[in-house]
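Trainee: below are the sequence and a predicted model for it; my questions follow.
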Amino acid sequence: MSTTLLRNLPSIDQLLRREALQSFIAAAGRDTVRDRLRDVLEEFRRELVSANGKADSLHDAESLGQEIERRLSARFVSRQQLQTQRVINATGVVLHTNLGRAPLSESAIAAINEVARDYSNLEYDLASGKRGKRGTGLEASLRELLNCEAAAVVNNCAAAVLITLNTLAEGGEVIVSRGELIEIGGSFRIPDVIAKSGARIREVGTTNRTRLSDYEKAINENTKVILRAHPSNYRVIGFTEKPALEELAQLARERGLPLFEDLGSGCLIDLNPLGIHDEPTIAEALKAGASVVAFSGDKLLGGPQAGIILGEAELIKRIKANPLMRALRVDKLTFAALEATVAAYLAGRALTEIPVQTALHAKKESITERSRVFIAQVPRQNHLTLELLDGYSVIGGGSAPETQLPTTLISLTSSQFSPDELEERLRLNSPPIIARIQDDRLVIDLRTVSLNAETEILSALANLAGR
Ligand SMILES: *Cc1c(COP(=O)(O)O)cnc(C)c1O
């Protein structure tokens, strides 16, 4: 069998003449395509010799040619693939940083659309007909929602921490617990951000235990800020201790120091009913007496990428006056989307309107039901087996690392494709479908899939048979 196939393998020159290859030749040049073809053919020969059965369905020169084309195209990253584009998140990771975190609400999308198309009152006061300030509308909504004195918006939470520390602590010391010297993703580390802000770090306590007295003893004439950072993406468990935020706030007040809390996710809705016990809400942090808090726009809030800083009017005023503000400010699209996102919370409609909140609050039973209906709609293919499995979704985005949300997974196994091949086929679909592999099966979690996207996954699965 494999010897016939080996003999039938088309030559490189024959392959180079194939219609489907002309676009690669035009884009990358004949020599590059020739080199890649050589690799593909080599890989193919090895497989045929080891006779692992995969190539059994490829009897004739044409199906061989098609398979070689498919493998070749997988080696070319097309310009289309490099473009920022919509993908379907079938991973069940609600805030997937690699996949752009929060999908926006319909009203946020409409708001972006509206101001994108035309001019806007970004820095224009409609009441007086004079120059206005960016973000006054958002600030008013946030004040109403959270009863805070003032708000400022920058590019992301990392920028919020940087500008806050630079404003309040440049040239002085920032006190922070050794248990909170965290890293969020590769490039955000608390000690590095403090250094970049022009302040010096004053570490107190130990990794697992820091007492109020540790903070107290560290305060000196150079102290400018007490920093509390939410260890979003990890937990210290066991023999641990840290002062309550209220206690820290009282100490800061007594010593005339600002207490700054980097909340990270910044949740507006109490997630305890979902079994998520380690995400303090923004309101709780403000109520406990933090002078300033910072959080992301595109984590649990479910809005666009942004860093939101809330707190005492005098401190926020100083932050806004910092020249860094100009470097870190956001545009009209971000303000429009944030305002619409916050409006949904104000109207009490966040659970139904904000996709992140809808996904988090989706009950396992409803995901099971959707998955059942989904499976029934997949056209029968002999090589494909679909089953429902119990599993878990995760929040992601560096939030509540210990929390898993019970879900139902759709498992796909094929006698024709390995899990990796299935994963690749879905990933290279248009639109790309990102699934995960678990226990040697490809699994799809509908928690993060919109109803529209479900239909697109169905048609991708219908086309799987393709060879
Ligand atoms: C995620 C996170 C950040 C960074 O937020 P970005 O919006 O991604 O810049 C900072 N601090 C904490 C505690 C976080 O969880």
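Mentor: Structure received. All values derive from a computational prediction rather than experimental measurement. Residues are numbered from 1 along each chain as shown.
Trainee: how about low-confidence regions in the stretch 51-200 of the chain?
Mentor: Where the stretch 51-200 of the chain drops to pLDDT under 70, the residues are 51-59, 78-79, 186.
Trainee: repeat that for the stretch 251-400 of the chain.
Mentor: Applying pLDDT under 70 to the stretch 251-400 of the chain flags no residue at all.
Trainee: which parts of it sit against the ligand?
Mentor: Neighbours of the ligand within the stretch 251-400 of the chain, by C-beta under 6 Å from any ligand atom: 262, 264, 265, 296, 307, 398. In short, each C-beta sits where N, CA and C put it, glycine included.
Trainee: for ChimeraX, write a command that selects the buried ones of those residues.
Mentor: In ChimeraX, selecting the buried portion of these, with burial taken from 16 or more other C-beta atoms under 10 Å, looks like this:
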select :262,264,265,296,307,398
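Trainee: ok, so of the residues of the stretch 251-400 of the chain next to the ligand, who is nearest the ligand?
Mentor: For these, the closest approach to the ligand (C-beta to the nearest ligand atom) belongs to residue 264, at 2.3 Å.
Trainee: from residue 133, how far off is residue 418?
Mentor: Note on residue 418: its distance to residue 133, by C-beta to C-beta, to the nearest Å, is 57 Å.
Trainee: repeat for residue 172
Mentor: With distances taken as C-beta to C-beta, residue 172 is found 29 Å from residue 133.
Trainee: more neighbours, these two?
Mentor: residue 172 (17 against 11; other C-beta atoms under 10 Å).
Trainee: name the nearest residue to that one, ignoring sequence neighbours.
Mentor: residue 224 (3.5 Å; C-beta to C-beta, 6 or more residues apart in numbering).
Trainee: double-check that residue 239 belongs to a strand.
Mentor: No - applying DSSP: H, G, I helix; E, B strand; the rest coil, one finds residue 239 to be coil, outside a strand.
Trainee: run a quick neighbour tally on the residue lying closest to residue 125 once chain neighbours are set aside.
Mentor: Once flanking residues are discounted, residue 125 sits nearest to residue 132: 3.3 Å by C-beta to C-beta, 6+ apart. Neighbours of residue 132 under the rule other C-beta under 10 Å: 16.
Trainee: secondary structure class of residue 243, three-state.
Mentor: Counting by three-state DSSP, the backbone at residue 243 sits in coil.
Trainee: and after the lengthiest strand in the chain, which helix or strand comes next?
Mentor: As assigned by DSSP state E, the longest strand anywhere in the chain is strand 399-414. Where DSSP states H and E defines the elements, the next helix or strand beyond strand 399-414 is helix 419-427.
Trainee: show me what contacts the residue nearest to residue 238 when sequence neighbours are not counted?
Mentor: Distances taken as C-beta to C-beta, 6+ apart place residue 208 nearest to residue 238, at 7.0 Å, with adjacent residues excluded. Counting by C-beta atoms under 8 Å, 6 or more residues apart in numbering, residue 208 makes contact with 179, 236, 238, 239, 240, 241.
Trainee: now do the strands in the stretch 251-400 of the chain.
Mentor: With DSSP state E, counting those that start in this stretch as the criterion, the stretch 251-400 of the chain has strands at 259-264, 292-296, 307-311, 384-396, 399-414.
Trainee: now do the longest strand of the chain and strand 259-264, the angle between them.
Mentor: Relative orientation of strand 399-414 and strand 259-264, computed by axes from the mean of the first three to the mean of the last three C-alpha atoms, to 10 degrees: 0 degrees.
Trainee: buried sites along strand 399-414?
Mentor: For strand 399-414, a neighbour-count test (16+ other C-beta under 10 Å) marks 399, 400, 403, 405, 407, 408, 409, 410, 411, 412, 413, 414 as buried.
Trainee: name every strand pairing with that strand and say which way it goes.
Mentor: When pairs are called by DSSP bridges, strand 399-414 turns out to pair with strand 384-396 (antiparallel), strand 441-445 (antiparallel).
Trainee: can I get those in JSON lines with distance to residue 161 and mean neighbour count?
Mentor: Converted to JSON lines, the strands paired with strand 399-414 look like this (distance: least, C-beta to C-beta, whole Å; neighbours: other C-beta atoms under 10 Å):
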{"stretch": "strand 384-396", "distance to residue 161": "20", "mean neighbour count": "18"}
{"stretch": "strand 441-445", "distance to residue 161": "32", "mean neighbour count": "24"}
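Trainee: no further questions, thank you.
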